[in-house]
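In: A predicted structure for the sequence below; I have some questions about it.
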Amino acid sequence: MTSAAVMQPTYLPWLGYLDLMDQVDTFVLLDTVPFAYQSWQHRNRLPAPGEPTWLSVPVTKASRRGPIAEVEVSDGGGWFPERHLNILRDRYRKIPEPALADEVAQRIGAGAGGRLIDLTVPLLAWLADRLEITTTVVAASALGCTGQRTELVAALTQAVGADRYVSPPGSLDYLATDHDPFDDAGIEVLVHRYDHPVYDQGIPSFQSHCSALDLVLRSPATAPSVLRSGRLELSGLADALHTLAGTP
């Protein structure tokens, strides 16, 4: 069987996002849906003493109304990308491989003034490479599929030749009542499960669900194994829905 997952492009995503990518044959970046301002599409967090630090990519007001693929990065009044670069230099001064932070900084700097996906997708590819993920990545905008929600996701799964769809748990709310497109296409639906691993973040208390970049920079040699240590067995859709509903 061939599997696929469909997720919106995210800025420096968390470990669970990358574990989902690692468990499928094809990972479709859903860049054709409307952009959501102040979402993970253009911001994420790094662990820091006290509270995590937000890294937000400013986008032009005019492009916010369009699909993710057409959103443009602005300079944020002159502070982007310098603020992100300064945070990286300050936070990761003593990492095992300082050249890795330089590589990230170069990619962030190169993304200023272009489309948001021209920033987020190369950074995602860099993280995947460092975590030894070899999954094929395809943009939804290159597949020409139409439809809404489950209909669109099922069409994208078919378009990449997959007969198994691995869903993030956040999609269970609508899959509970709207999974007919998968049934009609003969696509098996499984649900991703992940238990965030704890590792040394250089701060007193562990901060979960921050960007995977932190792990990659702090522990480059062990990052792939730490990523996979949080992996749980995929759940069938029916079992996942029963758990969501609190039924035995």
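Out: That came through, no problem.

In: Where does the prediction get shaky in this protein?
Out: Counting by pLDDT under 70, the chain contains low-confidence ranges at 244-248.

In: Show me where it has its strands.
Out: Using DSSP state E, the strands found in the chain span residues 3-7, 26-29, 43-46, 53-56, 136-139, 164-167, 188-191, 235-236.

In: Figure out which of those is closest to residue 212.
Out: strand 43-46 (9.1 Å; Cβ to Cβ). All C-beta spots, glycine's among them, are computed from the backbone N, C-alpha and C.

In: what sits up against the closest one?
Out: 10-14, 52-57, 87, 91, 207, 209-211, 213-214 (Cβ atoms under 8 Å, 6 or more residues apart in numbering).

In: So what are the sheet partners of it and their directions?
Out: strand 53-56 (antiparallel) (DSSP bridges).

In: Export the partner strand to PDB, keeping only CA atoms.
Out: Extracted in PDB, the C-alpha atoms of strand 53-56 (Å, rounded to 0.1, in the frame of the first residue of the first chain):
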ATOM      1  CA  THR A  53       9.800  33.000  22.000                       C
ATOM      2  CA  TRP A  54       7.500  33.600  19.000                       C
ATOM      3  CA  LEU A  55       9.100  33.900  15.600                       C
ATOM      4  CA  SER A  56       6.500  35.500  13.200                       C
END
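
In: Going by neighbour count, which of the contacts of strand 43-46 are buried?
Out: Buried members of these, scored by 16 or more other Cβ atoms under 10 Å, are 10-14, 52-53, 55, 57, 91, 207, 210-211, 213-214.

In: Of those residues, which is the nearest to residue 81?
Out: Among the buried ones among the contacts of strand 43-46, residue 57 lies closest to residue 81 (Cβ to Cβ), at 8.2 Å.

In: And the closest residue to residue 91 other than its chain neighbours, how close does it get to residue 36?
Out: In space, and not counting its chain neighbours, residue 91 is closest to residue 46: 6.3 Å by Cβ to Cβ, 6 or more residues apart in numbering. Going from residue 46 to residue 36 by Cβ to Cβ, to the nearest Å gives 21 Å.

In: More neighbours: those two, which one.
Out: Per other Cβ atoms under 10 Å, whichever of residue 46 and residue 36 has more neighbours is residue 46, with 21 against 12.

In: Show me the beta-bridge partners of that one.
Out: Counting by DSSP bridges, residue 46 forms beta bridges with residue 53.
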